[in-house]
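Colleague: Build the 3D model from these lines:
(2 chains)
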Amino acid sequence: MIVQPDDLSCKELVELVTDYFEDRISPSVRARFEMHLSYCAWCRVYLTQMRETVRLTGRLSEETLPAGSKEALLNAFRGWKGERGGEP
Amino acid sequence: MIAYKFLSAGATGPFTGFRWPVPEAERPGPWVEAADGRPEHGVHACRIDDLAFWQDVELWRAELADPVLEGHRQVFSERGRLLERVAGWNEVVARSFGEACIWRARDRAVSALRAAGFLEESEQLAGCRSLPDVDARSRELSSGAGLPAGLAAYLKEALAFLVAGDSPCSTYISARAAVLASNGRESEFAIERQGQARWLAEHLGLDPSRSP
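Modeller: Numbers count the residues shown, from 1 in each chain, chains lettered A, B, ... in the order given. A predicted model of the protein is given here:
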């Protein structure tokens, strides 16, 4: 008999965070997710940081960007992709 | 159904941040309902066997309205209310609980090592009379190899988290040690968690007959 591990690893939890926030996981996976949080202080911190990030970035719009920031960001992404051989 | 609910400080839901209305003047707290009427979005609680999986700062006795559905290591219902705080659950008891779980892990390690023929290592751990003893032996053994080192590493980690004040993580590690002590049988994790839950029920005076 194969016994499923009772909870998630930290890595699995990180991969599921978006689905957890958007309530796109089954009740069983949600229970395992929250069970992991019950004993893992690092993942609790991570979840809090992600919530805060979503909250803060949700308030941003293109108009709120300081002058030049948009170009600087686009250049950074182009450079980052170029370094990894992706599409420029 | 009478069940139990772990909450963060201030009767706060650890995952939702919901502040639970608490009982007053010896009367149960008001009923809380799922916002969208879906039981799985309603009130979650534990049976006694589930307790060790969901530790937090406060423990409450709660009532769930019928129908109560069964989830993964929990039960849930569309409506629930807090009945009373389990006064016996506090930092001191949480620490004692963590210590008891480490002793249980030590006992399992002793048996596993003996069964695997590591008699000297088994005797070293069996001879420990205090947690500082367990810590010292575990540190020595964990620098070696194989099963003795693996089991000792779990004990050492469980102790480190307990000393740091993180009893939930410490008891989790103690339960994971049960898997290694049983040759990797994953089901031993849940069995050990249930053993831990029985410790809680006994020391907190929880009545299993009132929470199936």
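
Colleague: pLDDT weak spots in chain B?
Modeller: B:208-212 (pLDDT under 70).

Colleague: could you redo the last one with a cut-off of 80?
Modeller: Scanning chain B for pLDDT under 80 picks out the ranges B:35-40, B:207-212.

Colleague: Spell out which residues of it are next to chain A.
Modeller: B:6, B:14-15, B:40, B:53-56, B:71-74, B:166, B:168-169, B:171-172, B:185-187, B:189-190, B:193 (CB under 8 Å from any CB of the partner chain). (Each C-beta comes from the backbone N, C-alpha and C, glycine too.)

Colleague: Helices of chain A, start to end?
Modeller: When assigned using DSSP state H, the helices of chain A occupy the ranges A:10-21, A:27-39, A:41-57, A:69-83.

Colleague: no wait, chain B
Modeller: B:91-115, B:119-126, B:131-142, B:146-163, B:167-181, B:187-204.

Colleague: Of these, flag the one that's most buried.
Modeller: The highest average neighbour count among the helices of chain B, using mean count of other CB atoms under 10 Å in any protein chain shown, belongs to helix B:167-181 at a mean of 25.

Colleague: the domain parsing of chain B - what is it?
Modeller: B:2-87, B:91-204 (automatic domain parsing).

Colleague: End to end on the last one, go ahead and measure it.
Modeller: Domain B:91-204 has an end-to-end distance of 13 Å (CA to CA, to the nearest Å).

Colleague: Please apply the same query to the shortest one.
Modeller: Counting by CA to CA, the length from the leading to the trailing residue of domain B:2-87 is 17 Å.

Colleague: Low-confidence bits of chain A, can you list those?
Modeller: For chain A, the stretches with pLDDT under 80 are A:1-7, A:62, A:80-88.

Colleague: Single out the most deeply packed of the helices of chain A.
Modeller: Comparing the helices of chain A by mean count of other CB under 10 Å gives helix A:27-39 as most buried, with a mean of 20.

Colleague: Report the inter-axis angle for that helix versus helix B:167-181.
Modeller: 110 degrees (axes from the mean of the first three to the mean of the last three CA atoms, to 10 degrees).

Colleague: hmm, who's touching helix A:27-39?
Modeller: A:6-10, A:13, A:16, A:20, A:25, A:43-44, A:47, B:6, B:14-15, B:40, B:53-56, B:71-74, B:168-169, B:171-172 (CB atoms under 8 Å, 6 or more residues apart in numbering or on different chains).

Colleague: switch to 7 Å and redo it
Modeller: A:7-8, A:13, A:16, A:20, A:25, A:43-44, A:47, B:15, B:40, B:53-56, B:71-74, B:168-169, B:172 (CB atoms under 7 Å, 6 or more residues apart in numbering or on different chains).
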